[in-house]
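Colleague: Sharing a sequence plus its predicted fold:
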Amino acid sequence: MTLEILSENKSHGGTQGVYSHASAETGTAMTFSVYVPPHESGAKLPVLWYLSGLTCTHANVTEKGDYRAACAQHGIVFVAPDTSPRGPDKNGDDVPDAEGEYDFGKGAGFYVDATQAPWAGHYRMRSYIERELPEVLAANFPVDLARQSITGHSMGGHGALTLGLRNPDRFRSISAFSPIVAPSKVPWGEKALGRYLGSDPKAWREYDAVALVEDGAAHPHILIDQGTADPFLDEQLQTHRFAGACDAAGIDARIRMREGYDHSYYFISTFLAEHVKWHAGWLG
Ligand SMILES: N[C@@H](CCC(=O)N[C@@H](CS)C(=O)NCC(=O)O)C(=O)O
């Protein structure tokens with residue numbers, strides 16, 4: 001499994017890298033970024049995954065997220081995958097896309113394994129992040145996969161909550177910024193899950209944080225930050241649904257409404273270091 005180094009830059013005493021590899025899951029090259037903090041030779045470090053939102057690649061958080069000082073201070077490796085397959089597959093054909101739609105297709109993989117044509121062949125972001133990328137990390141970076149946590153933004157907040165709730169033994173803590181907590185119930189999610197997974201909403205439940213909690217999933221360490229001035233809050237994000245599901249299930253999730261903050265990286269960069277520190281407390 002060879003990694004191509006696209007860039008490596010020294011930062012806060014560690015290395016911020018961007019890498020590409022041939023993914024067996026998506027059948028394409030996939031790009032991701034990894035920040036490795038300064039560490040003693042031979043050390044194995046805990047990992048914080050960051051899943052990005054609609055229209056993003058690894059680059060948005062890497063360039064605008066402001067996490068490196070905190071990761072250097074707490075000795076945490078920070079991994080930011082892409083949000084969908086892109087580019088040519090191994091036959092040289094471009095992966096299917098929804099031309100002109102920012103919320104479906106490329107940049108909008110929704111962290112699912114698609115079951116519907118023409119998406120099923122390449123749109124396998126769940127397995128890519130749950131199975132393949134951890135193996136790539138373990139083979140190429142000084143990581144201790146017994147210590148992992150996960151965070152994300154918007155569609156990536158949905159990804160963090162659903163991956164975390166499905167894999168509570170793998171992720172010690174889960175956080176999210178402005179997550180889509182109930183994709184089955186909102187326009188972004190209804191569109192994406194319907195087209196990737198088909199029209200039967202039963203197949204959507206494992207990709208819906210509220211439905212997962214209703215169906216018995218739980219995690220003891222969940223933190224959500226949501227801006228009150230986020231233009232997507234009422235229609236697409238609906239944080240109250242997750243708060244309600246957690247209350248009903250007896251899950252003590254910490255959900256903070258942040259006065260005046262919007263959906264942008266100005267919001268994320270304000271609180272991402274706090275999230276890194278919070279995860280560090282569970283990553284030991
Ligand atoms: N306003 C955007 C909606 C998509 C959006 O806000 N994307 C968020 C994630 S859901 C984001 O992080 N965008 C990239 C950035 O701000 O760097 C559009 O219409 O394209």
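Modeller: Arrived safely, thanks for sending.
Colleague: Can you name the residue of this structure nearest the ligand?
Modeller: Residue nearest to the ligand within the chain: Gly53 (2.5 Å; Cβ to the nearest ligand atom). C-beta here means a position set from N, CA and C on the backbone, and glycine is covered the same way.
Colleague: Next, the contact list for the closest residue to that residue other than its chain neighbours, please.
Modeller: Excluding its sequence neighbours, the residue lying closest to Gly53 (Cβ to Cβ, 6 or more residues apart in numbering) is Ser154, at 3.3 Å. Shown in contact with Ser154 (Cβ atoms under 8 Å, 6 or more residues apart in numbering): Gly53, Leu54, Phe177, Ser178, Pro179, Ile180, Phe232, Leu237, His263.
Colleague: Sort out which of the residues you listed are in strands and list them.
Modeller: Of the contacts of Ser154, the ones assigned to strands by DSSP state E are Phe177.
Colleague: For the contacts of Ser154, work out which two are farthest apart.
Modeller: Maximum pairwise distance among the contacts of Ser154 (Cβ to Cβ): 13.2 Å, between Leu54 and Phe177.
Colleague: With Thr115 as the reference, measure out to the residue nearest to Gly53.
Modeller: In this view, Ser154 and Thr115 are 23 Å apart by Cβ to Cβ, to the nearest Å.
Colleague: try Val136
Modeller: 24 Å.
Colleague: and Gly159, how many neighbours?
Modeller: The number of residues packed around Gly159, counting by other Cβ atoms under 10 Å, is 33.
Colleague: next one: phi and psi at it?
Modeller: phi -60, psi -40 (degrees, to the nearest 10).
Colleague: Now for it: which residues touch it?
Modeller: Applying Cβ under 8 Å, 6+ apart to Gly159 gives the contacts Leu51, Phe110, Tyr111, Met125, Ile129, Gly152.
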